[in-house]
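Undergrad: Sequence first, predicted coordinates after that:
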Amino acid sequence: MDLELRAARAALETEGILGKAGVSADIADSWARSIAFGLDPLSEPREAVIAYQDVRHIRREKAELMGFVRPELELLSTQIAGTNFMAAFASADGVILDAIMDNEFAESSCAKAVRVGSVWSEQLRGTNALGLALQTGRAASVTGGEHFFRSHSGVSCVSAPIFGSRGEILGLLDASSEIAARQVHTKALVYLAANNIENRLFVETHRDQHILQFHPRAEYLTTQSVAMLAVGEDGTVAGANRRALDFLSGLDIAAETRFETLFQDRLNVILPALLRGDDLRLRDWLNSTYFARLRLTRPRRNTHAIAMPQTTGMRLDNRSPRAAVDPVFQDEQLREALRIGRRALHHGMPLRIIGAGGTGKTTLARHLHQCVSGGQIAVIDGTAASEDLDARLETPAGLPQDWVTQGGTVLIENAEKIGTGRWTAVSRFLNRLTQTQQSGRWFIILTETRSGDDAGKVSDLPFAAMPVFLPDLAERMDFDQLAKAMLTAISQDHTLATSAAQSLLLKERLRNLSDLDADLRVLAIQCPSGVIRGEHVARYLSIGTDQSAACSACSGHALREVKCQEIRRTYRQSNANIALAARKLGVSRNTVYKHVKSPV
């Protein structure tokens, strides 16, 4: 205890007067309130503990909040472990509802006073961190002799209030220790934990509104220090987190405040771009500018996609096209292929769709079928085992007796796999369709998989057919729209940001639509409902890759490489859960993120 604090305490204890020179203004004011409450610094504080059944009742009432608090309390306890500590959560009345302490602290006299059910208001306990934070509405630290009661001078405490979206105090986090050396570090950790709880509770509370995230610096949009506003469909602000109140100080954020009274932009103008996952620039009425994005959390009704059966040989397909999302044909080369294909089929000429594997040949063929024919599709798979194809085409299993006369589309998939001898049987089959009396009109479409040096090759067929070529997936100019449409078909609860689509396009292992579909499903599984962004692609699609090597920032430094490899391995084993990996390793989340976001 320094000399000025000793002098201030001596004046308080011996003369009952306040010597403000040795203490901060907050501590001096708290001492003054304690004196006004009639408390004696040399006596023992009143033992104020509520019954355990009352604690259980309060816990049940605050079950949702407690669900967010406990993980942060556990993480906080690991971060300050080894310092003779206790981490606790208290209600807005100063009642401790949950606590975690190490064995050393549990044996101390402090543990007997700071226990579940104990009340820590200033009226009962004098100057203490919990009571001071409740009184001021700010994070507070009270070290040793700054406590009002001398019997509390052996402990140092840090507390931070947890605010609701209307600015009300919902509870407090507290960290207490008999070691004061790490007080500044502990205060930062407690404040961060309280902020994390507030943000998670904010998102859950305002799940039915638009949640706007904004910050003066774009890189902070992905952090817990981001400001958040909850805005209804009519533009009314339903809530704001603590950082939003800080950024917008000087502007009136009261009940029924509208978006347009805070920002110079109109919500109905910028909302479509935000819903697409775009980042925008906003300017408030005090001319401060922010980067902003929307956090999509509202549940949307799922549309179940119809899976395409994977069989060989020939089958009749009477299904309508999948209704979850229309095919995306915005690429110029693809649109030209679609135009040529429609004209060829209308003029009675077979169409050959040529492209690399997984470029959408079958999707284009089925779309053309709906455009020019409709009805049934007779599918011939060129990869079927070599057998009497002629006999199978003569009496295909499962088809009605009059199937030939009904008309439709013959889709020959993997045509490059059909040898010369087998083409003879297929040609007879096609001739039979076109020459049958009173038959419906049949259209013929073939798909061929060719890539590399054979990409532009057109092999000989026993009949004339019009070729069209499809672009590789990485060359499609409409990749963004395609990826977003595919994600919509997978999950109605997610939206793909443009940054995520571009990150997917740059992935080395993205070869075809099957790869893209698999990546999008992983992202939908790993990400919470809302916008999937570029950082999610980097984080979650690395789970299945080799992370045994150190990241680029640590490579070449022997000691750092070992630690980095351990972090990356634990992150992968934790199923890409940064918080879980941090708890396992006993490090901060930022430390884990720094190593797993960097490339190998």
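TA: Perfect, thanks for sending it.

Undergrad: What's the end-to-end length of stretch 410-430?
TA: Distance between the two ends of stretch 410-430: 8 Å, counting by C-alpha to C-alpha, to the nearest Å.

Undergrad: Okay, buried residues for it please.
TA: 410-415, 418, 422-423, 425-426, 429-430 (16 or more other C-beta atoms under 10 Å). Yep, even glycine has a C-beta here, placed from its N, CA and C like the rest.

Undergrad: Also stretch 76-92?
TA: By 16+ other C-beta under 10 Å, the buried positions in stretch 76-92 come out as 76-80, 83-91.

Undergrad: Name the nearest of those residues relative to residue 522.
TA: Proximity of the buried residues of stretch 76-92 to residue 522 (C-beta to C-beta) peaks at residue 78, which lies at 29.0 Å.

Undergrad: Surely the closest one is in contact with residue 584?
TA: No. With contacts counted by C-beta atoms under 8 Å, residue 78 stays clear of residue 584, the gap being 9.2 Å.

Undergrad: quick one: which of the buried residues of stretch 410-430 sit in strands?
TA: With DSSP state E as the criterion, strands contain 410, 411, 412, 413 from among these.

Undergrad: so who does the first one touch?
TA: If I follow you right, that is residue 410. Residues counted as contacts of residue 410 (C-beta atoms under 8 Å, 6 or more residues apart in numbering) are 377, 378, 380, 430, 433, 442, 443, 444, 445.

Undergrad: For residue 442, see how far away it is.
TA: From residue 410 across to residue 442, the span is 6 Å (C-beta to C-beta, to the nearest Å).

Undergrad: what's the answer for the third one, then?
TA: Plainly put, residue 412 is 12 Å away from residue 442 if you go by C-beta to C-beta.

Undergrad: list the buried ones in the longest helix seen in the chain?
TA: The longest helix of the chain (DSSP state H) is helix 183-205. Buried positions in helix 183-205, judged by neighbour count with 16+ other C-beta under 10 Å: 183, 186-187, 189-203, 205.

Undergrad: What of stretch 277-288?
TA: Quick answer for stretch 277-288 (16+ other C-beta under 10 Å): 277, 278, 279, 282, 284.

Undergrad: The second one contacts residue 496, correct?
TA: No. In this structure residue 278 lies outside contact range of residue 496 using C-beta under 8 Å: 11.3 Å.

Undergrad: tell me the mean pLDDT for stretch 364-380?
TA: Throughout stretch 364-380, pLDDT has a mean value of 82.

Undergrad: now stretch 575-595
TA: 80.

Undergrad: How far off centre is it?
TA: Per C-alpha atoms, centre = their mean, to the nearest Å, the displacement of stretch 575-595 from the mean C-alpha position of its chain is 16 Å.

Undergrad: before we move on, what about stretch 143-162?
TA: Centroid displacement of stretch 143-162 relative to its chain, using C-alpha atoms, centre = their mean, is 39 Å.

Undergrad: contacts for the helix or strand where residue 272 lies?
TA: Residue 272 belongs to helix 267-275 when assigned by DSSP states H and E. Residues from elsewhere that reach helix 267-275 (C-beta under 8 Å, 6+ apart): 210, 212, 231, 235, 259-260, 280, 282, 292-294, 296, 495.

Undergrad: now with 10 Å?
TA: Here helix 267-275 makes contact (C-beta atoms under 10 Å, 6 or more residues apart in numbering) with 210, 212-213, 231-236, 258-260, 263, 265, 278-282, 292-296, 495, 531.

Undergrad: Got a ChimeraX select line for the buried ones in those residues?
TA: Applied in ChimeraX, the following selects the buried portion of the contacts of helix 267-275 according to 16+ other C-beta under 10 Å:
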select :210,212,213,231,235,259,263,265,278,279,282,292,293,294,295,296,495,531
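
Undergrad: hang on, the earlier thing: I'd like the ones in strands among the buried residues of stretch 410-430 laid out as TSV, including pLDDT and distance to residue 137.
TA: As requested, these are exported to TSV (pLDDT from 0 to 100; distance: C-beta to C-beta, whole Å):
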residue	pLDDT	distance to residue 137
410	83	75
411	87	69
412	86	74
413	87	68
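
Undergrad: got a markdown table for the residues you listed, with distance to residue 37 too?
TA: As requested, those are exported to a markdown table (distance: C-beta to C-beta, whole Å):
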| residue | distance to residue 37 |
| --- | --- |
| 410 | 92 |
| 411 | 86 |
| 412 | 90 |
| 413 | 85 |
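
Undergrad: Double-check residue 339 against residue 351; I have them as touching.
TA: No. The pair residue 339 / residue 351 is not scored as a contact, 11.8 Å apart, by C-beta atoms under 10 Å.

Undergrad: Overlap of the contact sets of residue 410 and residue 442?
TA: Common contact partners of residue 410 and residue 442 (C-beta under 10 Å, 6+ apart): 373, 376, 378, 430, 433.

Undergrad: looking at those residues, which has the most residues close by?
TA: Taking other C-beta atoms under 10 Å as the neighbour criterion, residue 378 ranks highest of those with 23 neighbours.

Undergrad: tell me the SS of that one?
TA: Classification of residue 378 using DSSP: H, G, I helix; E, B strand; the rest coil returns strand.

Undergrad: For it, list each beta-bridge partner.
TA: Beta bridges link residue 378 to residue 316, residue 410, judged by DSSP bridges.

Undergrad: which one of residue 339 and residue 351 has more residues nearby?
TA: Just comparing residue 339 and residue 351: by other C-beta under 10 Å the higher neighbour count belongs to residue 351, 24 against 12.
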